[in-house]
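Trainee: I'd like to go over a predicted model; first the sequence, then the structure.
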Amino acid sequence: MALAQTNDVARLLRAAAPDLAVEVVKFETRGDRDQTSKLLQHGGKGGAFVAEIREAMRAGTLQAAMHSLKDVPGNEETPGLVLGAMLARDAANDSLVLRPGLSLETLRAARGKGFMIGTNAVRRAAYLRRLFPEATVIHFRGAADTRIAKLDRGDRQRLPDGGAVGPADALVMARSGLERIGMAARIAHDFSIDEMLPAVGQGIVTVECVETDWATRARLAAIDNVPSRLSAEAEREVLWVLNGHCNSPIAGHAMVAGHEMTLRASVLDDAGRFIEATRRGPANRPRELGRAVGMELLEKGAAEIIARTRPDEH
């Protein structure tokens, strides 16, 4: 999937500048090499999928790097680097994939009882416990196509301690990822924004580069999508205000309609606590809107939930 996303970036750059020589460099990160451990053990998604690539850019090995924006930490500074382009947003919602022979109707009727649903995202796990309170939510990792293959074969998911869980009856995955690997036909149900608010930045591909590399920044500006950037800035401002960490179930989604933006965000945990805020404002002031939503969540008690899930407090 990452290669398909990178090829999309290369195609857009070549279209914007036909004389530009674009080389796609494959880069294997910690998260790619370790398909078993929880992402928390690598410092969250930032440590698993972003940190090594950033080191390569600072060293001059890479001029730019593609990331799924949801994997880029939003609560910390990135000295010397800048997100130079946000591509047009793909579908932002999550989807349910079922093991062959199972039906959505059966899952719903049972409220999940007897079902094991796999995900590696604490946000998705928290929402699943609200939607299917009697299901067992299990840790399930791997590339998108690998996860589906394991689901279909009935494989158990290996755990870092040598144990295993599963097999899974269903998986929750990003629709955009399923579309990119040609497996959208496996979707049994698309979760609405009301059912499962997406991760901040979900569906947006971003391209990062060195802050002082003005030539590369100019190239990336040519493929930047304004609505995506505005939405990303609003959503990521919520993360900044909340100081969320990699284990925080924080969700956020912004929509631009004309000159107006609607931003919705939530903080929840696996104990059933749920806080949400929605605001509208001028689309050209996304950070201000994100700050207002983040502050409202804090006023409603978000800091307590986030502190309770912080790794160093256990």
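Mentor: Received the coordinates, thanks.

Trainee: I'd guessed residue 301 sits against residue 276; true?
Mentor: No. Under the criterion of Cβ atoms under 8 Å, residue 301 makes no contact with residue 276, lying 11.6 Å away. For glycine as for every other residue, the C-beta is placed from the backbone atoms N, C-alpha and C.

Trainee: Comparing these two, which residue is more hemmed in?
Mentor: Using other Cβ atoms under 10 Å as the criterion, residue 301 and residue 276 rank with residue 276 on top: 16 against 12.

Trainee: for that one, which residues make a bridge with it?
Mentor: residue 266 (DSSP bridges).

Trainee: which regions of the stretch 101-250 of the chain sit below the pLDDT cut-off?
Mentor: 245-247 (pLDDT under 70).

Trainee: measure the residue nearest to residue 128 when sequence neighbours are not counted to residue 86 for me?
Mentor: Spatial nearest neighbour of residue 128, excluding adjacent residues (Cβ to Cβ, 6 or more residues apart in numbering): residue 137 at 5.1 Å. To residue 86, residue 137 is 31 Å away according to Cβ to Cβ, to the nearest Å.

Trainee: check contacts around the residue nearest the centre of the chain.
Mentor: Nearest residue to the geometric centre of the chain (Cα atoms, centre = their mean): residue 70, 3.2 Å. Listed by Cβ atoms under 8 Å, 6 or more residues apart in numbering, the contact partners of residue 70 are 45, 198-202, 204.

Trainee: ok, back up a step: tell me the SS of the residue nearest to residue 128?
Mentor: strand (DSSP: H, G, I helix; E, B strand; the rest coil).

Trainee: For it, grab the count of nearby residues.
Mentor: 22.

Trainee: Surely it and residue 119 touch.
Mentor: Yes. Counting by Cβ under 8 Å, residue 137 does reach residue 119; the two are 6.6 Å apart.

Trainee: okay, and the common contacts of those two?
Mentor: 125, 128.

Trainee: all strands of this structure, in order?
Mentor: Along the chain, counting by DSSP state E, strands occupy 64-68, 81-86, 94-98, 116-119, 136-139, 157-158, 164-165, 170-174, 187-190, 205-210, 250-257, 260-268, 274-282.

Trainee: sorry, back to before: please convert the contacts of residue 70 to JSON lines, extending it with neighbour count and distance to residue 216.
Mentor: Converted to JSON lines, the contacts of residue 70 look like this (neighbours: other Cβ atoms under 10 Å; distance: Cβ to Cβ, whole Å):
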{"residue": "45", "neighbour count": "22", "distance to residue 216": "24"}
{"residue": "198", "neighbour count": "24", "distance to residue 216": "29"}
{"residue": "199", "neighbour count": "24", "distance to residue 216": "27"}
{"residue": "200", "neighbour count": "27", "distance to residue 216": "25"}
{"residue": "201", "neighbour count": "27", "distance to residue 216": "21"}
{"residue": "202", "neighbour count": "27", "distance to residue 216": "26"}
{"residue": "204", "neighbour count": "25", "distance to residue 216": "19"}
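
Trainee: Among those, which one sits closest to residue 161?
Mentor: residue 45 (21.5 Å; Cβ to Cβ).

Trainee: need the contact list for residue 233.
Mentor: 286-287, 290.

Trainee: Recalculate using a threshold of 6 Å.
Mentor: 286-287 (Cβ atoms under 6 Å, 6 or more residues apart in numbering).

Trainee: what do you get for residue 6?
Mentor: 24, 66 are the contacts of residue 6 under Cβ under 6 Å, 6+ apart.

Trainee: same thing with the one 10 residues further on?
Mentor: Contact analysis of residue 16 by Cβ under 6 Å, 6+ apart lists 222-223.
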